[in-house]
Each structure stands twice: as structure tokens, then as C-alpha cells.
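K.L.:
Give me a model of this one.
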Amino acid sequence: MPLVRNFAPATTSTDGLMSATDKTKLDGVATGANNYTHPATHSPSEIAQDANNRFVSDAKKAEWDAKATTAAATTSAAGLVELATTAETQAGTDTERAIVPASLHKKQWKTYLAQHFQRLGSET
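P.N.:
Down below sits the predicted model:
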């Protein structure tokens, strides 16, 4: 290629500060474009993990999924349980819902225990 001596801007037909061929090629490149091609896959070492994004194995996921149950709790198996409302707790007659000691006032707790032990005594 001959030395370019024309310091005018290049056009697609006339050499200038670059060759006409380079000018044609440059005109075909979009503003902000680059020659980067994103890979279809990444190795795990290229991906940053943090508190909200972690890798987990299929085995560990299966283990977690096995623990997630919607079965009702029983006296011998863990599961879901519905908590009794204050009214249900005070009535002391619901056998399907659970109560927690914090939901009972001292007087309610004494009443509950008295009713519970009274029922136990009548069942024998």
C-alpha cells in the first residue's frame, strides 16, 4: 500500500488519514460495538458466589427437597401444624391445633392443665 499523503478525511472512495478500504470497514461497525462473543458456558471458577447466589449439588438439593414436606405433624413425625387462636386456646377443647405456652396467661395455663388432667382421668 502506498504511503498516504492526503491528510483530508478518508471517504469510502478516497484515501485520507486512512485507506478507503479501512473507512468502508469502519463505517460498517456500529457505535459502541466490539468483537466480544459471550461464551455459551462458564466454568464454576469464573462465577462469583455470594450469600444469595451459591452452587449446590443435585444430591444436596434432593436432600433439602426431601425435608420439605406438607404432611401434617403427628406425635411421631415432624410436619406442618396449625397454631390455635387465643379463643381456641382459652376454650381448651380443640384437639387438632397446637398451642404454645407464650400464648397462655398463667390463669389460662392452670385452667388448661386442670381440664387436660381431668380428661386424662376420665379416659381410664
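K.L.:
Closest to the centroid, which residue in this structure?
P.N.:
With distances taken as C-alpha atoms, centre = their mean, Asn52 lies nearest the centre of the chain, 7.0 Å away.
K.L.:
List the contacts of that one.
P.N.:
Counting by C-beta atoms under 8 Å, 6 or more residues apart in numbering, Asn52 touches no other residue. Every residue, glycine included, has its C-beta placed from N, CA and C.
K.L.:
what number of residues lie near Ala72?
P.N.:
Look at Ala72: counted by other C-beta atoms under 10 Å, it has 11 neighbours.
K.L.:
any idea how far it lies from Leu80?
P.N.:
As for Ala72, its distance to Leu80 is 6 Å (criterion: C-beta to C-beta, to the nearest Å).
K.L.:
Please save the CA atoms from stretch 77-92 in CSV.
P.N.:
Only the C-alpha atoms of stretch 77-92 are listed here, as CSV (Å, rounded to 0.1, in the frame of the first residue of the first chain):
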residue,chain,number,x,y,z
ALA,A,77,-43.3,-37.4,62.7
ALA,A,78,-42.4,-33.8,62.1
GLY,A,79,-44.6,-31.9,59.7
LEU,A,80,-46.9,-28.9,59.5
VAL,A,81,-49.0,-27.8,62.4
GLU,A,82,-51.7,-25.1,62.8
LEU,A,83,-51.5,-23.0,65.9
ALA,A,84,-54.6,-22.4,67.9
THR,A,85,-56.1,-18.9,68.2
THR,A,86,-56.4,-17.2,71.6
ALA,A,87,-60.1,-18.2,71.7
GLU,A,88,-59.3,-21.8,70.8
THR,A,89,-56.6,-21.8,73.4
GLN,A,90,-59.0,-20.4,76.1
ALA,A,91,-61.7,-22.9,75.2
GLY,A,92,-59.2,-25.8,75.6
